[in-house]
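Novice: Sequence first, then the predicted structure, then my questions.
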Amino acid sequence: MRKTTLALSLCVCACATAAQDDSSTGALKRLSLEELMDIEVTSVSRTAESLSSAAAAVSVLTNEDIHRSGATTIPEALRGVPGLHVARRNSNSWAVSSRAFSSINSEKLLVLSDTRSIYTPLFSGVQWDVQDYLMQDIERIEVIRGPGASLWGSNAVNGVINITTKHARNTQGTLLSATLGTEEGGAAVRSGGTFGESGFFRVFGQYSDRGSTFHPGATSSDDWWIGHAGFRADWDASDSDALTLQADVYRANIGQLAPAVTIIGRVGPTGNLEVEAAGGNLLGRWRRQLGSGSDLQVRAYFDTTHRDDPSFHDDLDTFDLELQHRYGPSARHEIVWGLNYRYTDNSNRGKLIFAVEPENSHDQLISGFVQDQIALSDVLQLTLGTKLEHNDFSGFEVQPTVRLAWDVAPGQNAWAAVSRAVRVPTRLERDIAIEFTPPGSNPRGLLSGNDDFDAEELIAYELGYRWQLLHTLALDLALFHNRYEGLASLEIGTPTLDPATGLVTVPVVNVNLTDARSQGAELLATYSPRENWRLIASYSYVYLDMQPHGQDANRGAFLEGTTPRHQISLRSALDLPGGLQLDAQLRHSTELERQPQLEVGGSIDAYTELDVRLGWFASEQLELSLVGQNLLHDHHVEFGTPAARGEIERSVYGKVTWQF
Amino acid sequence: MAVLTLRRAAAIVALLLALAAPPGRAQTPSAPTEYQVKAVFLFNFSQFVDWPAASFANGRSPLIIGVLGDDPFGATLDEIVRGETVNGRPLAVRRYESIEQVDDCHILFVDRSQAGQLDAVVAALKERSVLTVGDFEGFTRHGGIIRFVTVANKIRLRVNLAAAQQAKLTISSKLLRPAQIVAPGDD
């Protein structure tokens, strides 16, 4: 589990969610001893009290939620989480963003997989096409909207997504599954076992093949496949030591509708465009219980990714080492502190029009954080924390937070927070070197990196309220107001003259010249009218106002319109007799006024879509399911420029899962 | 067009919902109380502790969780163990007003109302394989085996291993790992 008391509180939320699934003691019985110890109780009054006391806007998707959604990828599973915007651009590309700024490189959202960052420093964002999971092995996905930077570090500006896979103890035996449908097919195998007295492991492999989207005029196809294998071992080395070792390797072939980079007037890659991607990672974690309420954790990972894109060849190696210590110096305080070191070795060789200078770059990031959770009284909890980091892109960054949680009454909890977070410049913003005028032109136009481009800064003000209104009805409301300063703005710089050749170069660079404000509201309502039936409704509102103070040649103002102003989702999970499950999710997104970097014709219509899943547990070992996705239209558009997007088609797939 | 689509979707959802099963028992998803959580811990202890075979009359006789003194659990404990088994044995709950009444018990929760009699309780259970559990000051120091301690509103476990060994109980490392082992004479 990732950092600190906030993470602990998140776990408490997960438990709270679990506890709401049915009779609360039944849900409690399914928790491990460690999870039981994470539950907050009142020792004085001996009465019930709300568990959801995290002073942050948090949603947790449990394994059950993910399973019942029928989603086969992480972005699809995230649909319906309040405050998030998930839009599929084509078969293998998604815009996933939190609290506005939707784009394919959702650079202000940090994503971690078992504490390993899957945020790429090249574009800043997540290459969702190579984030493959056996969905059955995901323990939970925590989504924290708003800044999480004081704990998780830079780029957690508008949110953090934490994907946690299951302990190997919970994936014993053998699992075989096969999927076949109109848009996708695949197979997975997983086998779990034990070693020694208290060691558990699993090994798995999965292959998925997905079809192209609807794009009649395309000269290239966006169909793709990915193969993925891995293992995880968990070993309780002693009464107080727990060790985890896990690894993944993958290989993928990802069809592209359009090149990653196009420049009007320059010839880019043409024909059948494919990305060949491969990568792997190895992660080790040692956790030692030092005593009651105190533990020490050391975690290291190595991650390597290779991407042979029609526009560039990119190799990235990352080594990351982290130490974290949690302890309670007194009954009122719980302190977590940690240190982190990350080394990245990147090589990017441009093809045709694309170029990064220098091609090779070694960058380091050193950071430390400390957080104190202070019980001011029985009902008031104050959290003070800050992260201090030094990176090779923007130097020193301080990212503090102040959070206050108030247990207003049993079942009612209010919280407020003020935080600062930064988005660190990407390698492209620092090192890009693309000639955008035809070769030999004078003057020559050069899109170039800017060493002086600084981090983008956010001050966020947040308020939240959670209310268990009835035994069957719970509400969770979050409000925010964000002020951004120094967002990227593309500016035409001062031309330079080379006296020897007479060549005039006009540089175009990113400068921190745009400010912005956003505000929004996110509401989640969970209603269980019957023991076998849950309804989950979410509503998200967001308004973004960008104020460019420079020429803003490319970006700023357009991002205002890339996130739907309103989103509504209604999910129903119904258990029927005979081991049947019927699930449905209806979602509505209002119009997108703009697309990033598209000056005309950028609007995308509002849409409503429906996914339905019918699952049948034929026996304890065998599960059959039939899933229909995007059932209301033959095809519809969700995101992206016309050249790069495909229309998402209605699809159906069947799945057989056999566990023994 | 958008309105039409919405209406179509609503009709489909209404159809789906119409398939709903007959109403079940009303749900109570309220947050757990301190003693609900402690009751679940007691149930878990039955899974993670080994008793000598001699402490059971036969292979099918129940594993008994006893509550000594005032009962802080109410019906919760009974609800939790209902229908559960450990190694094929059913679980049962018994309540005792005094230590003299304690018979074939395997896990004994000693309520704080019995704090004054703790030494007598420990003396009476000597030579018997009973896992004693309590949540008051001095419990493990005076020979109790597992104490619940509430730290920052979370329940922690403290285990007196010497007392467990004396009672011939084997506690699984799964239970010991998240617990704190107390030194003899400590609390």
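Specialist: Yep, that arrived.

Novice: hey, let's count contacts and neighbours off CA atoms from now on
Specialist: Noted.

Novice: What is the longest strand anywhere in chain B packed up against?
Specialist: Assignment by DSSP state E gives strand B:89-96 as the longest strand of chain B. Contact partners of strand B:89-96 among helices and strands, from 3 or more Cα pairs under 8 Å, 6 or more residues apart in numbering or on different chains; DSSP states H and E: strand B:63-68, helix B:76-81.

Novice: Spell out the residue ranges of the strands in the stretch 251-400 of chain A.
Specialist: For the stretch 251-400 of chain A, the strands defined by DSSP state E, counting those that start in this stretch cover A:273-291, A:294-309, A:312-330, A:333-350, A:360-375, A:380-391, A:395-409.

Novice: so which of those strands gets nearest chain B?
Specialist: Counting by Cα to the nearest Cα, chain B lies closest to strand A:273-291 out of those; the figure is 5.7 Å.

Novice: any idea whether B:A57 is helix, strand or coil?
Specialist: coil (DSSP: H, G, I helix; E, B strand; the rest coil).

Novice: how close does it sit to B:H106?
Specialist: According to Cα to Cα, to the nearest Å, B:A57 and B:H106 sit 12 Å apart.

Novice: Could you find the closest non-adjacent residue to B:I145?
Specialist: B:N160 (4.8 Å; Cα to Cα, 6 or more residues apart in numbering or on different chains).

Novice: and what of A:L61?
Specialist: A:L61's closest residue in space is A:I141 (Cα to Cα, 6+ apart), at 5.1 Å.

Novice: By mean pLDDT, flag the weakest helix or strand of the chain.
Specialist: No chain specified, so I'll use chain A. helix A:4-21 (a mean of 34; mean pLDDT, DSSP states H and E).

Novice: I'd like the distance from the following helix or strand past that helix to the chain centre, please.
Specialist: Following helix A:4-21 in sequence order, the next helix or strand is helix A:24-29 (DSSP states H and E). Taking Cα atoms, centre = their mean, to the nearest Å, the mean C-alpha location of helix A:24-29 is offset from the chain mean by 30 Å.

Novice: Quick check: the residue of the stretch 301-450 of chain A found nearest chain B vs B:T150, distance?
Specialist: Nearest to chain B in the stretch 301-450 of chain A, going by Cα to the nearest Cα, is A:A331, at a distance of 6.0 Å. Distance of A:A331 to B:T150, computed by Cα to Cα: 9 Å.

Novice: Any chance of TSV for the strands of the stretch 251-400 of chain A, columns mean pLDDT?
Specialist: Putting the strands of the stretch 251-400 of chain A into TSV (pLDDT from 0 to 100) gives the following:
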stretch	mean pLDDT
strand A:273-291	93
strand A:294-309	94
strand A:312-330	92
strand A:333-350	92
strand A:360-375	91
strand A:380-391	91
strand A:395-409	90
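
Novice: Pipe those strands into a markdown table and attach mean neighbour count per row.
Specialist: As requested, the strands of the stretch 251-400 of chain A are arranged in a markdown table below (neighbours: other Cα atoms under 10 Å in any protein chain shown):
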| stretch | mean neighbour count |
| --- | --- |
| strand A:273-291 | 19 |
| strand A:294-309 | 19 |
| strand A:312-330 | 18 |
| strand A:333-350 | 20 |
| strand A:360-375 | 19 |
| strand A:380-391 | 20 |
| strand A:395-409 | 19 |
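
Novice: Out of the helices and strands packed on strand B:89-96, which is closest to chain A?
Specialist: Of the helices and strands packed on strand B:89-96, nearest to chain A by Cα to the nearest Cα is helix B:76-81, at 6.6 Å.

Novice: Any residue of that closest one touching chain A?
Specialist: Yes: using Cα under 8 Å from any Cα of the partner chain, helix B:76-81 reaches chain A at B:T76, B:E79, B:I80.

Novice: Residues touching that helix, excluding its own?
Specialist: Outside helix B:76-81, the residues that touch it by Cα atoms under 8 Å, 6 or more residues apart in numbering or on different chains are A:T25, A:G26, A:K29, B:Q36, B:A39, B:V40, B:F43, B:L91, B:A92, B:V93.
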